[in-house]
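> One predicted model, sequence on top.
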Amino acid sequence: MDGIGGVNTFEQRYQEGVPPWEIGRPQSWVVELFHQDAFEGDILDVGCGTGENALFLATQGLAVTGVDFSRTAIELAQEKAAQRHSSARFRVGNALKLPLLKRTFDTALDSALFHVFTDKERTLYAESLAAALKPQGVAYVVCFSEREPDGWGPRRVTQGEIQKTFQKRFDVASIQRALYETNLRPEPVQAWLTCLQLK
């Protein structure tokens, strides 16, 4: 596992085909936040997959770095960036060890990574994410909510669990209902969109 719940499974999914979370376009919640001027400065896309969110933000003139533990996903993201003449940068990295990037960012986004972590990994992730942000940095985290019925997909997350995980290092500015899209079905998944401000 090397410190991230299920990463070997994720790498395998990329090698076998198109994983459910790859929809061939940016997530709608990312586009909406962009139009609300939510993204500023240097941006980190944690668990970027093949890069559609990062590539979208780069087309809007933003400086974006995407990080994913899956080497296959990063190779695909880099291929897309080259084909689209995009300024987005992609590199293999561990979300639980973001200080190894040796740089900090103004804004971070996590599009359905947080919910894969175990309880112990959640704490490590909060610390890692905080270390990757500049003072007063902001992070946007989307994860499956407990309002989404069980029976498939990753672990569901409650608002209380989000508060507990991040409150030591972040002010939890807001937690609101959101929709997360997959390629498995036409209707999106019920999710939480959390805005975190580094303390």
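Cool, the structure landed.

> Mind jotting down where the helices sit in the chain?
7-16, 28-35, 52-59, 71-83, 119-131, 159-166 (DSSP state H).

> Indicate which one of these is closest to residue 195.
Ranking the helices of the chain by proximity to residue 195 (C-beta to C-beta) places helix 28-35 first, at 9.1 Å. Backbone N, C-alpha and C define where each C-beta goes, glycine included.

> And the closest one, what does it pack against?
helix 52-59, strand 105-111, strand 170-180 (3 or more C-beta pairs under 8 Å, 6 or more residues apart in numbering; DSSP states H and E).

> Output these as JSON lines; include the columns distance to residue 139.
Output for these, formatted as JSON lines (distance: least, C-beta to C-beta, whole Å):
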{"stretch": "helix 52-59", "distance to residue 139": "14"}
{"stretch": "strand 105-111", "distance to residue 139": "4"}
{"stretch": "strand 170-180", "distance to residue 139": "7"}
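
> okay if I get these as a markdown table plus mean pLDDT, distance to residue 73 and mean neighbour count?
Output for the helices and strands packed on helix 28-35, formatted as a markdown table (pLDDT from 0 to 100; distance: least, C-beta to C-beta, whole Å; neighbours: other C-beta atoms under 10 Å):
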| stretch | mean pLDDT | distance to residue 73 | mean neighbour count |
| --- | --- | --- | --- |
| helix 52-59 | 98 | 11 | 23 |
| strand 105-111 | 98 | 13 | 24 |
| strand 170-180 | 98 | 18 | 16 |
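
> Minimum distance to residue 164: which of the ones you listed has it?
strand 170-180 (10.0 Å).

> winner for burial among the helices of the chain?
helix 52-59 (a mean of 23; mean count of other C-beta atoms under 10 Å).

> contacts for that one?
With C-beta atoms under 8 Å, 6 or more residues apart in numbering as the test, helix 52-59 has contacts from 22-27, 30-31, 34, 39, 43, 45, 48, 64-66, 77, 80-81, 84, 86-88, 90, 109, 111.

> Apply 10 Å and report the result again.
When contacts are defined by C-beta atoms under 10 Å, 6 or more residues apart in numbering, helix 52-59 is touched by residues 21-27, 29-31, 33-34, 39, 43-45, 47-48, 51, 62-68, 77, 80-81, 83-90, 107, 109, 111.

> any low-confidence regions in the chain?
The chain contains residues with pLDDT under 70 at 1-8.
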